[in-house]
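Undergrad: Provided below are the primary sequence and the corresponding predicted coordinates.
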Amino acid sequence: MARRIELTEELTQKICEKISIGLPHESAAESVGVPYKLFKEWMAAGEAGDGPEYVEFYKRVKATDEEYKNNLLEVVKQAAREGSKGASKWLKEKKIEY
């Protein structure tokens, strides 16, 4: 019988650290020993409000996703300010000021 993996603060932190450096959810979870299926179950439980530990996990993963996206956007904006035509074009297509 497979050992049940419990959601802990340590696992939440490790998964969010991996996401913050750009790993997709599947890779982030599996790199710390959490099967992706279980990660998705935890996220679904959090979104549904099924227990405070799952809600907190869901909120932290979503916040880490947003932080990563914002960091990437800042990199693209900086590249545009430094003269990158590709970055400038992409920002204009998305109607994002830099």
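TA: Happy to help now that I have it. Numbers count the residues shown, from 1 in each chain.
Undergrad: and Ala63, how far from Lys92?
TA: Spatial separation of Ala63 from Lys92 under the definition CB to CB, to the nearest Å is 29 Å. To be clear about C-beta, it is placed using only N, CA and C from the backbone, and glycine gets the same treatment.
Undergrad: Gln13 now?
TA: On the measure of CB to CB, Gln13 and Lys92 end up 38 Å apart.
Undergrad: top helix in the chain by residue count?
TA: The residue-count maximum for a helix in the chain (DSSP state H) belongs to helix 52-81.
Undergrad: elements contacting that one?
TA: Using 3 or more CB pairs under 8 Å, 6 or more residues apart in numbering; DSSP states H and E as the contact test, the elements touching helix 52-81 are helix 9-20, helix 36-48, helix 85-93.
Undergrad: which of the ones you listed sits closest to Tyr58?
TA: Shortest separation from Tyr58 across the helices and strands packed on helix 52-81 is recorded for helix 36-48, at 2.5 Å, computed as CB to CB.
Undergrad: report the distance from that closest one to the chain centre.
TA: With CA atoms, centre = their mean, to the nearest Å as the basis, helix 36-48 stands 14 Å off its chain's centre.
Undergrad: can you pull the buried residues of that helix?
TA: Within helix 36-48, the residues scored as buried using 16 or more other CB atoms under 10 Å are Phe39, Trp42, Met43, Ala45, Gly46.
Undergrad: ok, now stretch 75-92?
TA: Under the neighbour-count criterion of 16+ other CB under 10 Å, stretch 75-92 has Val76, Lys77, Ala79, Ala80, Ala87, Ser88, Leu91 buried.
Undergrad: between the buried residues of helix 36-48, which sits nearest Leu23?
TA: When the buried residues of helix 36-48 are compared against Leu23 (criterion: CB to CB), the nearest one is Phe39, at 11.8 Å.
Undergrad: so what's the closest one up against?
TA: Each residue near Phe39 by CB atoms under 8 Å, 6 or more residues apart in numbering is listed here: Ile15, His25, Glu26, Ala28, Ala29.
Undergrad: which of those residues are buried?
TA: Taking 16+ other CB under 10 Å as the criterion, what is buried in the contacts of Phe39 is Ile15, His25, Ala28, Ala29.
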